[in-house]
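Engineer: dropping a prediction and its sequence here:
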Amino acid sequence: MDPITFCSQHKTLMHAADRALVEALFAEDQAHLFAGWDSPALDDSQKRGFLDALHLVDKSYSGGLIGYIRNARKLLSDAAEAANPFEGFTPHKPEMVDLSGFGPEYEAAEEAGLAAFADSAVVLVAGGLGERLGYNGIKLDIPVEVTEGTSYLAHYASVILAASHRRKRAIPLVIMTSRDTHDATVATLEQNQRFGLAQDQITLLRQELVPAVDDVAAHLALDGPCQLALKPHGHGDIHMLLHTSGTAGRLAESGVRYLLFIQDTNAQSMNAAFAAIGISEKHGYDFNSIAVNRIPGEAVGGIARLEKPGHPPLTLNVEYNQLDPLLRCTVSPDGDVADEQGFSLFPGNINLLVIRMEPYLKVLRSSGGIIAEFVNPKFADDSRTVFKKPARLETMMQDLPKLFVSGEKVGVTVFERTWCFSPCKNALADAAAKVKAGGPPESASSAENDFYATGRRKLEMAGMQVVETPATSFRGVPFVTGPRVILRPSFALTLADVKARIRGGSIAGNSTLILEGDVSAENLTVPTGASFKLATADGTSQEIKDFTAPADSGFEIMPLTDDEMQDPSVPEFLRIRGYRIIDRRSSGTTTE
Ligand code: UGB
């Protein structure tokens, strides 16, 4: 049937905008979408719902639904020909600044970065559901630590709040949500009074799903009559949303020079953020990836400088599934193998990015914010036309440099791994299996372990004596139970802050130390068994000197039993780590 006849048959249901979209879809060979409309089983409300779903995609995708279909057709035809996206490119080590050894360069970068943070905004991508983690809820609600139960979102907000006070400017926070995470994120912000941030300091951008396609001709897939099959488009949507919502332009007008992109469950990112911004300032990086030494085979991309004769060099993340084949056919016949230190040839991308606003705006304008989409169809047979299951276009936020055409400067800043990266991504059993295989666990427990370890490390760097408990493990994931050190951002944002506030002292064994607000300590002793919290409210300060915290019972870490692990009344955020921390302090609160 021709589209004009079809639309006139359904004229009572269709407005002018519906007719225009349906006609455009017929012209793109999508008549199958409406094939079942004569069925008596379909009522008008289902048809209306279907049209609305099509309009939502049309409105939310830069380039509209028709643009999406055309992009899919082009990319699928490349995929059918098995085009190698890196054909002819040879990977080399990228331009790197290595701050993993700390020292004066690290501290100078942190100081410069904290100053530049006043002209920055934080962009948090939080549209993912975390299926690998097996957690029923938004990942931003998961506690980073279960001593006081600070959630990831509370932690990020506390850094922004402390830096805003320090720099006397409300540093903006942009959060990308999705259908899966939007309502719960809004509810969390409301229930917690936005964790102290102002209403106009936070911008929420919601990503929509994109249609799946059934074949290389990009016929849109249906889950049933009048049911468009939809799938996530990936974290690269953040660029499109910053552009189409006008947020990037608005932030630039308000003086924002840098955007710091962070992921949902990597609290450690905030340890490296300032130094990385400082490196961007010093080296003039338009795009700076915070990176770690990569363990071969792990699920983080490798960053390489890709060179090809007659082509400007391109520093880019090569996603983990593409890295090994690229290395095999170029610089390393054995693929992604370890060097003598046990690391991959290329630094690992942890999706922690510092992007300079000026070149970013240019790229957004020229690309419409659609950043290097790709498609990964699973073909059913060698004809490479039919898929095993519907495919969709995806984007990754780290692919932005693919669109750089004006000699933009791309660099990498390498930090010690757990200083900047210890995400909570894997379910406990999977994490234990990864440990067995020699890889990083990246579970809620390992993230919490590294959170305390970094606190200890900072105290040690400030000159405090730290004696750790021997390493143990909870359900196969290693854990050093003490001392458990929490340094709140209101206490210290940088290493220099910790050094200025801590003089001498010691902390040992299974103890807990929490420092919050404008406090400082000279010769503080926290013996094993002690729990000590030194905290002040806004506007007040406290100094302690030659003080020994009483070694009475405090916070105690206890493994969950097998029964508790199965017990739905035990909070899921404990079951994903395999232990709980019980507060046995007599007051139950502050122990000054
Ligand atoms: N996310 C969204 O906001 N929307 C989406 O549609 C999808 C995700 P994953 P992934 O650091 O370990 C990335 O799923 O994609 C958010 C890099 O590509 O946790 O497997 C989501 O909420 C990889 O190179 O990660 O891998 C979360 O905050 C490597 O760096 C973020 O995007 C790897 O992360 C990442 O989503 C890593």
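Structural biologist: Yep, it's here. Numbers count the residues shown, from 1 in each chain.
Engineer: switch to C-alpha atoms for all contacts and neighbour counts from now on
Structural biologist: Noted.
Engineer: my guess is residue 462 contacts residue 502. True?
Structural biologist: Yes - assessed by CA atoms under 8 Å, residue 462 is found in contact with residue 502 at 6.2 Å.
Engineer: neighbour count winner among these two?
Structural biologist: The neighbour comparison of residue 462 against residue 502 (other CA atoms under 10 Å) goes to residue 502, with 23 against 20.
Engineer: which residues touch that one?
Structural biologist: Going by CA atoms under 8 Å, 6 or more residues apart in numbering, residue 502 touches 459, 462-464, 520-522.
Engineer: and the strands in the stretch 451-592 of the chain?
Structural biologist: Secondary structure of the stretch 451-592 of the chain by DSSP state E, counting those that start in this stretch: the strands cover 465-467, 472-474, 477-479, 484-487, 502-503, 506-508, 512-516, 518-526, 531-535, 541-548, 555-559, 579-583.
Engineer: for those strands, which one sits closest to residue 267?
Structural biologist: strand 484-487 (12.2 Å; CA to CA).
Engineer: could I get the phi/psi values of the residue of the stretch 351-500 of the chain found nearest the ligand?
Structural biologist: Nearest residue of the stretch 351-500 of the chain to the ligand: residue 351, at 4.5 Å (CA to the nearest ligand atom). Main-chain dihedrals, residue 351, degrees, to the nearest 10: phi 60, psi 40.
Engineer: next, count neighbours for it.
Structural biologist: Neighbour tally, residue 351, other CA under 10 Å: 22.
Engineer: before we move on, what about residue 509?
Structural biologist: So residue 509, with other CA under 10 Å, has 20 neighbours.
Engineer: for the one 5 residues further on, same thing?
Structural biologist: For residue 514, the count of nearby residues is 20 (other CA under 10 Å).
Engineer: again with residue 6
Structural biologist: The number of residues near residue 6, taken as other CA under 10 Å, comes to 16.
Engineer: repeat for residue 188
Structural biologist: Using other CA under 10 Å: residue 188 sits among 17 other residues.
Engineer: near the ligand, which residues of the stretch 201-350 of the chain?
Structural biologist: Proximity of the stretch 201-350 of the chain to the ligand is confined to 232-235, 263-264, 300-301, 319, 349-350 under the rule CA under 6 Å from any ligand atom.
Engineer: and which of these is nearest residue 149?
Structural biologist: Using CA to CA, these come closest to residue 149 at residue 264, 16.3 Å.
Engineer: wait, that closest one sits on residue 122?
Structural biologist: No - with contacts counted by CA under 8 Å, residue 264 stays clear of residue 122, the gap being 11.9 Å.
Engineer: more neighbours: these two, which one.
Structural biologist: More crowded of residue 264 and residue 122, by other CA under 10 Å: residue 264, with 24 against 21.
Engineer: in the stretch 301-450 of the chain, which spans are helices?
Structural biologist: With DSSP state H, counting those that start in this stretch, the ranges of helices along the stretch 301-450 of the chain come out as 320-328, 357-367, 417-420, 428-436, 444-461.
Engineer: highest average neighbour count across those?
Structural biologist: Among the helices of the stretch 301-450 of the chain, helix 444-461 has the highest mean neighbour count (mean count of other CA atoms under 10 Å), at a mean of 23.
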